[in-house]
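1. Show me the folded form of this:
(chains A and B)
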Amino acid sequence: MDTVIHTTKLTKRFGSFIAANEITFDVYRGEIFGFLGANGAGKTTAMRMLCGLSKPSSGTAAIAGFDIYKQTEEIKKNIGYMSQKFSLYEDLTVLENIRFFGGIYGLSDKQLKEKSEQLIATLGMKNETKKMVGALPLGWKQKLSFSVAILHEPKIVFLDEPTGGVDPVTRRQFWDLIYEAADNGITVFVTTHYMDEAEYCNRISMMVDGEIKALNTPAKLKQQYSATSMDEVFYELARGAKRSE
Amino acid sequence: MKDVVLNNIAKIYNKGTVQAVNDVSFHVNKGELFGLIGPDGAGKTSIFRILTTLLLPDGGTASVNGFDVVKDYKTIRKNVGYMPGRFSLYPDLSVQENLNFFASIFNTSVRENYDLIKDIYIQLESFKDRRAGKLSGGMKQKLALCCALIHRPTVLFLDEPTTGVDVVSRKEFWEMLKRLKQQGITILVSTPYMDEATLCERIALIQNGSIMSIDTPQNIIEQFSENLFAVKSDNMGSLLQDLKNIEIVKSCNAFGAYHHVTFKDDNQEMKEALIRVLEEKQHTNIELNPITATIEDCFIKLMEDKEWTL
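-> Coordinates of the predicted model:
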């Protein structure tokens, strides 16, 4: 299996506070990897390092084969990112957003044209291309935002709570898109507060107080903690946490 | 007695183009813990802002403690507690200063109503001199709840208090709400998390500005009119795709470790028939068990039924 994320004792300190403490793990190509943890466990800090946005205090990591200290620009070119908070420009139209983000990632005019037509057809948004993104329902915005995040066919896409507040039907459609991306070889690195979504991941890591306390498939984790649901696993692991956000 | 009453409330934004709240009617009884359950954009916050007199409705009437939300807004503001979805305390005042400030504008003191907030405030006490803006997310939420309670409100409005909060903290928050309810405070709370619905006494399921159903969680679940099954096999991804294309299957949704399925024809043979088809499609370790619907199953069904009639 190809390894697309490889970290060894990755650590981030803010003064005396250790936000991420010697985290070591691998993520493989085409995998859906759930990155879970309580508020304040250090997920955001870890994700920022993996995206090349924050320099680790110690430890090593390679993202899509690039060094986390020296090749952060290469990392950024090879990943996609989407979160509930920042996704698209609300005062640009659907098509303008696609062109803007595609352009930033260096797609040619020809690629941009092909890709945007394909994307709009897949999402069934033909009548919405000239609408401002701000006027779209949240569910559509999130689906569009995800499709834009993988427009440049990144090796890895980081999704930070992509389905927060989305209705249950759209939430499931969103996961269909995630599966499709993973089938196409894109590695999906996702955080969520919905424990049913944890079940859809191939493997899950659980962060508690800056450390990865558990990492396995959902089935094995449930077995390990004698739990019937991921909810129970999470509760079992997180309730011992000393710090909260 | 009814503490909150809404009759055909409507709210329209952007010069009539966005119908945020559409003919919404419900009531909350005195001392009740009532949940408004729905996704972002369903209209929950608009309803809260109308009831707390911060937004004028474009149609319909509403009252809180018998006072009209338009005419008697001053009285309502004195009596209710409101915790908005976004942190709205003074970030440059300390924990204690915020609390004293809110107590004094309501003409009361922290001491007078301390028993009401004691359980929650104890968890904040060691940070009492810290500026509110420097608190962690969980601590901010607890302080906001204290400030909303400090004048002993008759009705407490909590707009998405648990959004973005992890499972453990969510559980703690709901336990706090149960204790407040025991003190006789009427609570209207909104949430996008369907699993929190069963923690309320009655709920309204809301989508696109309209109420789809109002009842106790138990009754809403009982009204789920079809037999529901949970299905599992070794390959859940292809199972979902296959189920969607099987003739006898009416609906199929992923629900964590299982997929939930209903049949077009609701009889016992369908179960065996489905297992046969799945075996033909090379699925292994197939499990198929009858289950009780969850609120999320009900929500999805109501959404789909609604689209049928449109």
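2. what's near enough to touch residue A:178?
-> For residue A:178, the contacting residues are A:32, A:146, A:159, A:188, A:190, A:200, by CB atoms under 8 Å, 6 or more residues apart in numbering or on different chains. The way it works is simple: take the backbone N, C-alpha and C, and place the C-beta from them, glycine included.
3. Quickly find the element holding it.
-> Using DSSP states H and E, residue A:178 sits in helix A:168-183.
4. Would you mind listing the buried residues in that helix?
-> Of the residues in helix A:168-183, A:168-172, A:174-175, A:177-179, A:181-182 count as buried by neighbour count, 16 or more other CB atoms under 10 Å in any protein chain shown.
5. I'd like the residues you listed written out as JSON lines, with distance to residue A:213 and pLDDT added.
-> What follows is these, written out as JSON lines (distance: CB to CB, whole Å; pLDDT from 0 to 100):
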{"residue": "A:168", "distance to residue A:213": "30", "pLDDT": "94"}
{"residue": "A:169", "distance to residue A:213": "34", "pLDDT": "92"}
{"residue": "A:170", "distance to residue A:213": "32", "pLDDT": "91"}
{"residue": "A:171", "distance to residue A:213": "27", "pLDDT": "92"}
{"residue": "A:172", "distance to residue A:213": "29", "pLDDT": "93"}
{"residue": "A:174", "distance to residue A:213": "28", "pLDDT": "92"}
{"residue": "A:175", "distance to residue A:213": "25", "pLDDT": "93"}
{"residue": "A:177", "distance to residue A:213": "30", "pLDDT": "92"}
{"residue": "A:178", "distance to residue A:213": "25", "pLDDT": "94"}
{"residue": "A:179", "distance to residue A:213": "27", "pLDDT": "90"}
{"residue": "A:181", "distance to residue A:213": "28", "pLDDT": "94"}
{"residue": "A:182", "distance to residue A:213": "25", "pLDDT": "93"}
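6. By average pLDDT, which secondary structure element in chain B comes out worst?
-> Of the helices and strands making up chain B, the lowest-confidence element is helix B:295-309, at a mean of 85, by mean pLDDT, DSSP states H and E.
7. Return the distance of that helix from the chain's centre.
-> 17 Å (CA atoms, centre = their mean, to the nearest Å).
8. Summarise which helices and strands it is packed against.
-> If contacts are counted by 3 or more CB pairs under 8 Å, 6 or more residues apart in numbering or on different chains; DSSP states H and E, helix B:295-309 sits against helix A:168-183, strand B:202-207, strand B:210-215, helix B:217-222, strand B:249-255.
9. Tell me where the chain has strands.
-> You didn't say which chain, so I picked chain A. Along chain A, counting by DSSP state E, strands occupy A:3-14, A:17-28, A:32-37, A:58-63, A:66-67, A:79-83, A:156-160, A:187-191, A:203-208, A:211-216.
10. wrong one, I was asking about chain B
-> Under DSSP E, chain B gives strands at B:2-13, B:18-29, B:33-37, B:59-64, B:67-68, B:80-83, B:155-158, B:186-191, B:202-207, B:210-215, B:228-232, B:249-255, B:258-263, B:287-291.
11. do you know which of those lies nearest residue B:166?
-> When these are compared by CB to CB, strand B:186-191 sits nearest residue B:166, at 14.3 Å.
12. So that closest one, near chain A or not?
-> No: Strand B:186-191 does not reach chain A (CB under 8 Å from any CB of the partner chain); its nearest approach is 9.9 Å.
13. Run through the neighbouring helices and strands of that strand.
-> Partner elements for strand B:186-191 (3+ CB pairs under 8 Å, 6+ apart): strand B:2-13, strand B:18-29, strand B:33-37, helix B:44-51, strand B:155-158, helix B:167-182.
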